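In: here is the input, now give the coordinates:
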Amino acid sequence: MDGGHRQEKRSSLRDLAYVVFRRKWVILGTLLATFVPATIYTLTIPSVYEAKSHLLVKPGRENIYVSPVGSPEGTHPPTIVQRVAEVINSEIQILKSRVLIRRAIEETGIEELFPGGLSGDSRTAHAEASVPVEGVVDRALKSLSAQRLADSDVIEVVFRSHDPRIAADFLTKLLDLYLQRHVEVHRSGQSYDFFKGQSDQLEEKLRTADRRLSDFKKKYSIVSFDQLKKSTLEQYMATQAAKRENEAEIISVEEQLARLKEELAKIAKHRTVGQDESSDPPVISDLKRQLAALELDKARLMYQYKPNNYKVIQNKEAIAKVKEMLEGEEKKFHGSVRTGLSAIYENLEGQILANESRLVAFKSKQPEIEKRLIEYSQELERLGRLAPELQALERAVAVNEQNYRLYLTKFEESRISDAMDAARLVSVSILEPPTAPLGPLGVNRTLNLFLSLCLGGAAGLGLAFLIDYFDQSFKIPEDVEDNLKAPLLGTVNDLPDKETQDLQTLASQSAPPPHYEILKNNMIMKAQVKGMKVLSVFSPAPKEGASTIALNLASALTKDKGCRVLLVDANLRHPIVHSTFNLASSPGLVEVIHEGLDIHKAVRESVIPNLFLLTSGESPANPVVIFKSEKWVDLLEVLRKKFHWVILDGAPINLYPDATILAPRVDGAVLVIEAENKRAEIAIQAKEHLEEAGAKVLGAVLNRRRHVIPEMVYRRL
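Out: Below you'll find the predicted structure:
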């Protein structure tokens with residue numbers, strides 16, 4: 001696992017190094033384009049002098065707060081509010097305002113401040129215009145800086161110029177104008193008499209509104225409207241509850257009376273069996289108990305409520321009713337007649353009488369409760385009608401009071417501001433006046449050059465990686481496998497022309513170059529597995545090196561002992577094999593197909609042992625006819641028997657239709673792609689053309705691959 005991680009890290013470093021070395025001229029050009037101008041500017045920049053001054057910001061009128069409840073005579077003292085940060089920022093904005101800068105420039109003079117800042121023609125043409133002056137104002141603002149010193153109320157003002165005297169003089173004029181401008185900005189434009197009159201009028205309006213509100217409350221006996229409304233609502237709710245409770249009692253007693261009367265009707269009368277004197281019959285005992293209970297309720301109610309409360313009144317009425325019934329029973333009964341069931345009968349009658357008395361008492365309370373409920377409801381309606389008028393009066397009082405406080409505040413501010421303007425009090429003072437600087441500002445040329453170098457290098461690297469990101473050509477073997485989805489047979493380095501075209505060198509070598517040896521072995525391994533002997537070499541576009549690959553591949557195959565190889569120039573559009581070997585193009589392939597020339601007369605030996613050539617012959621009017629003929633198929637069968645390998649150099653795939661007709665008739669096709677030349681889509685399209693035609697693509701060769709990373713660096717990555 002560690003080995004795989006190291007391999008992945010090594011690949012990443014090599015990918016980065018590949019982009020850097022491949023785009024080294026882009027990086028170097030960008031670096032120089034940044035570094036050279038920065039160097040020239042750094043070495044030729046004129047000297048800059050800096051004049052400084054410090055201002056102290058003290059509490060002034062902008063810090064004064066007047067209480068809204070202050071009196072018109074100003075007896076309420078003003079309060080100083082600490083808003084240091086806001087005040088200092090405001091002063092900095094005044095100091096850097098264009099109006100102030102323009103005044104200072106007019107007093108100093110444009111030519112004095114910026115010699116050569118405007119051309120003579122421009123000043124003549126725009127003598128009365130503001131455009132040139134505005135340009136000078138912009139330049140002056142760039143040379144001016146003002147900032148608050150940390151943890152202090154001091155403002156540091158700096159002006160830079162190429163002349164130390166001009167820097168000090170301009171800053172001195174600017175600060176003098178600033179002090180005047182400070183007074184102008186903070187001077188109050190309000191009138192003391194105006195706010196005094198408005199305050200008096202609003203005070204009178206406030207008194208009138210307050211008097212109307214008091215009269216309204218006195219007329220309707222309102223002390224606290226909310227408390228009165230709340231109390232009335234509570235009494236209304238309590239009366240409603242009492243009504244519901246009384247109605248429930250009436251229903252309960254009526255139900256009980258009906259039940260007792262029903263039971264009484266079931267009892268029959270019997271003869272008298274005896275007579276006994278009784279001083280305390282059951283009915284009288286029940287009435288006495290009820291009277292005792294009502295007396296206890298009276299004591300409790302008198303403790304909780306006032307004598308005129310409806311509950312107390314109802315209790316008194318019930319007591320009177322029971323006493324009246326008790327007196328009647330005492331007069332009527334002086335003894336008891338004893339019969340068989342007289343005790344039960346009399347008991348039921350007593351209960352009926354007691355419940356009837358209770359029913360009368362409850363029903364007598366109902367009108368009084370309903371009367372009180374109506375009174376409370378009417379009172380709530382009355383309060384509801386009074387509420388809008390009362391609220392309007394209260395709002396009038398609140399609005400008049402707010403306006404009165406506002407104008408009273410403005411009146412106090414105006415009075416204080418007029419007093420400060422009269423005394424010309426200024427809340428800013430100059431701690432340190434401007435002086436001419438003794439020397440120019442130091443320029444760190446080394447730092448500037450270093451930063452420009454870093455910036456140029458970073459920009460160059462970024463541009464290089466951006467260009468490489470959008471470069472869709474094949475650069476490394478992995479690009480071929482990832483995009484074409486075809487086996488990579490090998491890569492061929494970008495060698496000088498003499499190494500690829502020197503036939504004597506190819507003939508004298510006992511073994512092919514390493515990259516062709518790898519290409520040959522990979523091709524043989526894949527071709528023999530599939531039984532292929534006749535192979536055609538194509539390229540998507542012209543001049544990608546397909547003919548060179550075909551020649552060197554055929555030469556590499558001859559290095560195997562006893563291996564006879566035939567190189568056929570099947571590129572009838574632009575044949576090249578005959579010129580490479582300094583031979584005539586005829587007789588060749590065209591003569592064999594069209595004229596029936598014996599193949600033995602057309603095939604010629606080359607200077608390379610075991611390498612035989614079949615040139616193109618005379619250029620035909622339509623090469624497609626050659627490859628569509630049956631003679632071509634028969635010729636391929638003859639060549640397959642006579643040679644171990646037959647290598648065909650075909651025409652470009654995307655340029656001519658020859659390849660799509662030729663490829664299906666051979667055993668396999670080899671696709672040659674030039675590195676860093678064409679977009680990947682071109683090669684993909686060529687492969688698709690071959691596959692659609694029914695060809696068997698054996699693999700691809702990445703030609704003219706450049707190894708841009710130096711070998712010493714490559715081995716260390």
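In: C-alpha only now, for contacts and for neighbours.
Out: Fine.
In: phi, psi of Ser536?
Out: Here is the backbone geometry of Ser536 (degrees, to the nearest 10): phi -110, psi 140.
In: pretty sure it sits against Val672.
Out: No - contact criterion Cα atoms under 8 Å: Ser536 and Val672 do not qualify, at 10.6 Å.
In: the two: which is more packed in?
Out: Set Ser536 next to Val672 and count neighbours by other Cα atoms under 10 Å: Ser536 wins out with 30 against 27.
In: mutual contacts of Ser536 and Val672, please.
Out: Residues touching both Ser536 and Val672 (Cα atoms under 8 Å, 6 or more residues apart in numbering): none.
In: what about the strands in the stretch 101-250 of the chain?
Out: Ranges of strands in the stretch 101-250 of the chain, per DSSP state E, counting those that start in this stretch, are 144-148, 154-161.
In: then the stretch 551-700 of the chain?
Out: 565-569, 604-605, 611-614, 645-649, 668-674, 697-705.
In: quick check: mean pLDDT of the shortest one?
Out: In this case it means strand 604-605. Averaging pLDDT along strand 604-605 yields 90.
In: hang on, the earlier thing: tell me the most buried of the strands of the stretch 101-250 of the chain?
Out: With neighbours defined as mean count of other Cα atoms under 10 Å, these peak in mean count at strand 154-161, which reaches a mean of 21.
In: tell me which strands it pairs with, and in which orientation.
Out: Looking at strand 154-161 with DSSP bridges, its partner strands are strand 49-57 (antiparallel), strand 144-148 (antiparallel).
In: looking at these, which is closest to Phe612?
Out: Nearest of the strands paired with strand 154-161 to Phe612, taken as Cα to Cα: strand 49-57 at 85.8 Å.
In: residues in contact with that closest one?
Out: Here strand 49-57 makes contact (Cα under 8 Å, 6+ apart) with 88, 153-164, 167-168, 171, 427-437, 439-441.
In: just the buried ones from the residues you listed?
Out: Buried members of the contacts of strand 49-57, counted by 16 or more other Cα atoms under 10 Å: 88, 154-164, 167-168, 171, 427-428, 430, 434-437, 440.
In: ok, and the closest non-adjacent residue to Phe643?
Out: Distances taken as Cα to Cα, 6 or more residues apart in numbering place Arg564 nearest to Phe643, at 5.3 Å, with adjacent residues excluded.
In: what residues are up against that neighbour?
Out: By Cα under 8 Å, 6+ apart, the residues touching Arg564 are Thr558, Asn610, Leu611, Phe612, Phe643, His644, Trp645.
In: now Leu671: how far from Ala659?
Out: 11 Å (Cα to Cα, to the nearest Å).
In: neighbour count winner among these two?
Out: Ala659 (29 against 25).
In: I figured the more buried one hits Arg665, correct?
Out: No - using Cα under 8 Å as the test, Ala659 is too far from Arg665 to be in contact (10.1 Å).
In: least trustworthy helix or strand in this protein by mean pLDDT?
Out: When the helices and strands of the chain are compared on mean pLDDT, DSSP states H and E, helix 120-125 comes out lowest with a mean of 40.
In: distance of Pro609 from Arg564?
Out: 9 Å.
In: same check, this time on Phe612
Out: Taking Cα to Cα, one finds Phe612 at 8 Å from Arg564.
In: repeat for Tyr404
Out: Distance, Tyr404 to Arg564, by Cα to Cα: 119 Å.
In: next one: Pro440
Out: Distance, Pro440 to Arg564, using Cα to Cα: 86 Å.
In: what of Lys520?
Out: Counting by Cα to Cα - Lys520 and Arg564 are separated by 14 Å.
In: any regions of the stretch 501-650 of the chain where pLDDT drops low?
Out: Applying pLDDT under 70 to the stretch 501-650 of the chain flags the ranges 501-510.
In: can you do 80?
Out: 501-512, 529 (pLDDT under 80).
In: the stretch 351-500 of the chain now?
Out: Applying pLDDT under 80 to the stretch 351-500 of the chain flags the ranges 383, 386, 390, 404, 407-428, 436-445, 464, 468-476, 494-500.
In: for Leu291, helix, strand, or coil?
Out: Using DSSP: H, G, I helix; E, B strand; the rest coil, the structure places Leu291 in helix.
In: so it touches Met325, yeah?
Out: No - contact criterion Cα under 8 Å: Leu291 and Met325 do not qualify, at 10.4 Å.
In: buried stuff in stretch 381-393?
Out: Within stretch 381-393, the residues scored as buried using 16+ other Cα under 10 Å are Leu383, Leu390, Leu393.
In: now do the first one against Arg211, distance only.
Out: Going from Leu383 to Arg211 by Cα to Cα gives 21 Å.
In: and the last one, by the same measure?
Out: Applying Cα to Cα, one obtains 10 Å for the distance of Leu393 from Arg211.
In: want to throw the strands of the stretch 101-250 of the chain into a markdown table with distance to Met532?
Out: Formatted as a markdown table, the strands of the stretch 101-250 of the chain follow (distance: least, Cα to Cα, whole Å):
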| stretch | distance to Met532 |
| --- | --- |
| strand 144-148 | 83 |
| strand 154-161 | 84 |
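In: domain assignment for this protein?
Out: 24-190+422-432, 477-716 (automatic domain parsing).
In: circling back: narrow the buried residues of stretch 381-393 to those in strands?
Out: Among the buried residues of stretch 381-393, none falls in strands (DSSP state E).
In: surely Phe538 meets Ile647?
Out: No - judged on Cα under 8 Å, Phe538 makes no contact with Ile647 at a distance of 10.9 Å.
In: give me the more crowded residue out of those two.
Out: Using other Cα under 10 Å as the criterion, Phe538 and Ile647 rank with Phe538 on top: 31 against 25.
In: for the nearest residue to Val590 once chain neighbours are set aside, give its distance to Glu478.
Out: Setting aside the residues directly before and after it, Val590 is nearest to Gly617 in space (Cα to Cα, 6+ apart), at 5.1 Å. The spacing between Gly617 and Glu478, counted by Cα to Cα, is 39 Å.
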